[in-house]
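[1] Sequence unavailable; structure follows:
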């Protein structure tokens, strides 16, 4: 990198990538690819600026003022720089530039690199604050690993680095710095690898996860990557509808309301709404905005479906109502509604190939027919005075509630299917 101008190459690289993004990128994945190339070019260009800056610093600078300082000072410098700029790679490039310019010798350069390895853990630590358990575990693992290898590098290897490099026949300053850093990482891997399982167990016990599994997964979705976020939130919405299906099946089988299960569904909906607000603040394409809106609509329809099932159960505590409700001839919608939710479980079975569209198409007409048949039977029974007027009114409401529950659930599935088609079109 010091014998080749990264800046000149980076300018051409950025220019070609920018032209490609403007004139040739039509789909979201193509835009993302060209944007990635532009970002790589900018990184290369910034590294060249760092190199030129450190080379320019050597002119008119008395290097004797710093080379006589303790390596501990340079360790602290590396730690502070990496903490401030959140990149040990950038600190490494600055160190190589300063070493190439004659500002740093081997020992001081290595001390800076070791300090940078510790300082770069600040990124993970800051990201883990008020985060999920997995974030805290990763930040702790990163910190402990880097502290251990920093101790080994600074106190055990650095005092004997000249002997080690003479043995390895490494005499180039820049190669020596890079080789030491790679050697230190290798030693760390070899040291930690035999104790990986015990290390994982230690970290698992160290942090208690106060978040639910759903909260943990949502907290890990990156809002700064809309395509990834939309795909992840769609997956979570599918799992949510699976929970709604399970809730409906349990209610219809047991005629019993588990309020905690329903409130858990409401809690998940609240998490999704808060995440959607954060994501909507990011620059989204029209397709991504439509997909996000459709997923929120699916979530809302899923809640409506569960609420309608929940609200009809208290009426079934009346023996007369419950008996008629379960009469397949009088009230066929109950049997079909139960079969509808039982069959919906197959949508979430990975071994069954059934699309949401096909499921809705297969059930839509049958559920509507059962609804109208049940309504007609109840009205006929009212005219013949076989059932009390009060019971007929209650059963008609139950009939409509169960039908609307199935209908909302089908709308939720259609909304998810719509986002899949929009994503395929965008890609």
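    It's in. Since this is a predicted model, take the numbers as computed values, not measurements. Numbers count the residues shown, from 1 in each chain.

[2] At which residues are the helices of the stretch 151-300 of the chain located?
    With helices called from DSSP state H, counting those that start in this stretch, the stretch 151-300 of the chain shows them at 161-168, 173-192, 196-206, 213-219, 226-254, 259-280, 286-312.

[3] out of the ones you listed, deepest packed?
    Sort the helices of the stretch 151-300 of the chain by mean neighbour count, taking mean count of other CB atoms under 10 Å, and helix 286-312 sits at the top with a mean of 21. For every residue, glycine as well, the C-beta is placed using N, CA and C.

[4] what packs against that helix?
    helix 226-254, helix 259-280, helix 389-426 (3 or more CB pairs under 8 Å, 6 or more residues apart in numbering; DSSP states H and E).

[5] now the first one against helix 286-312, angle please.
    Right, the one you point to is helix 226-254. Angle, helix 226-254 to helix 286-312, by axes from the mean of the first three to the mean of the last three CA atoms, to 10 degrees: 10 degrees.

[6] Equivalent analysis for the longest one, please.
    Relative orientation of helix 389-426 with respect to helix 286-312: 160 degrees, computed using the same axes, to 10 degrees.

[7] Could you tell me which residues within helix 389-426 count as buried?
    Within helix 389-426, the residues scored as buried using 16 or more other CB atoms under 10 Å are 391-392, 394-395, 398-403, 405-420, 422-423, 426.

[8] returning to what we had before: the helices and strands packed on helix 286-312: which one's closest to residue 366?
    Smallest distance to residue 366 across these (CB to CB): 9.9 Å, for helix 389-426.

[9] taking the mean pLDDT, what do you get for the closest one?
    Across helix 389-426, pLDDT averages out at 85.

[10] just checking, what packs against it?
    By 3+ CB pairs under 8 Å, 6+ apart, helix 389-426 packs against helix 226-254, helix 286-312, helix 319-325, helix 332-344, helix 356-383.

[11] Quick one: closest of the ones you listed to residue 214.
    Nearest to residue 214, of all the helices and strands packed on helix 389-426, is helix 226-254, at 7.0 Å by CB to CB.

[12] on that earlier part again, among the helices and strands packed on helix 389-426, where is the model least confident on average?
    Looking at those, the lowest mean pLDDT belongs to helix 319-325 (a mean of 79).

[13] returning to what we had before: any chance of the helices and strands packed on helix 286-312 in CSV, with distance to residue 366 too?
    Shown next, in CSV, are the helices and strands packed on helix 286-312 (distance: least, CB to CB, whole Å):
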stretch, distance to residue 366
helix 226-254, 17
helix 259-280, 26
helix 389-426, 10
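
[14] Could you point out which of those sits nearest residue 28?
    Smallest distance to residue 28 across the helices and strands packed on helix 286-312 (CB to CB): 4.7 Å, for helix 389-426.

[15] rewinding a little: just so I know, which of the helices and strands packed on helix 389-426 lies nearest residue 124?
    With CB to CB, the closest approach to residue 124 among those belongs to helix 226-254: 19.5 Å.

[16] That closest one - contacts with which helices or strands?
    helix 28-57, helix 213-219, helix 259-280, helix 286-312, helix 332-344, helix 389-426.

[17] pLDDT averaged over the shortest one - what is it?
    I take that to be helix 213-219. Averaged across helix 213-219, the pLDDT comes to 82.

[18] which helices and strands does that helix pack with?
    Against helix 213-219 (3+ CB pairs under 8 Å, 6+ apart) you get helix 133-151, helix 226-254, helix 259-280.

[19] how about those helices in a markdown table, adding distance to residue 193?
    As requested, the helices and strands packed on helix 213-219 are arranged in a markdown table below (distance: least, CB to CB, whole Å):
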| stretch | distance to residue 193 |
| --- | --- |
| helix 133-151 | 11 |
| helix 226-254 | 30 |
| helix 259-280 | 36 |
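
[20] Tell me which of those sits nearest to residue 69.
    Nearest of those (CB to CB): helix 133-151, 18.6 Å.

[21] And for that closest one, what's in contact with it?
    114-115, 117-118, 120-121, 124-125, 127-128, 184-185, 187-188, 191-192, 199, 203-204, 206-209, 211, 216, 219-220 (CB atoms under 8 Å, 6 or more residues apart in numbering).

[22] so that helix versus helix 196-206, what angle?
    In terms of direction (the same axes, to 10 degrees), helix 133-151 departs from helix 196-206 by 120 degrees.

[23] So for residue 336, what's the nearest residue that isn't a sequence neighbour?
    residue 370 (4.2 Å; CB to CB, 6 or more residues apart in numbering).

[24] mind listing what that neighbour touches?
    Taking CB under 8 Å, 6+ apart as the criterion, residue 370 is in contact with 332, 333, 335, 336, 337, 403.

[25] Nearest residue to the middle of this protein?
    residue 221 (2.3 Å; CA atoms, centre = their mean).

[26] Skip the chain neighbours and tell me the closest residue to it.
    residue 232 (4.6 Å).

[27] Equivalent analysis for residue 162, please.
    Nearest non-adjacent residue to residue 162, counting by CB to CB, 6+ apart: residue 106, 7.7 Å away.

[28] What is the burial count for that neighbour?
    18 (other CB atoms under 10 Å).

[29] go on, residue 117?
    Look at residue 117: counted by other CB under 10 Å, it has 26 neighbours.

[30] okay, the angle between the host helix or strand of it and helix 133-151?
    Taking DSSP states H and E as the definition, one finds residue 117 inside helix 106-119. Angle of helix 106-119 versus helix 133-151, following the same axes, to 10 degrees, is 160 degrees.
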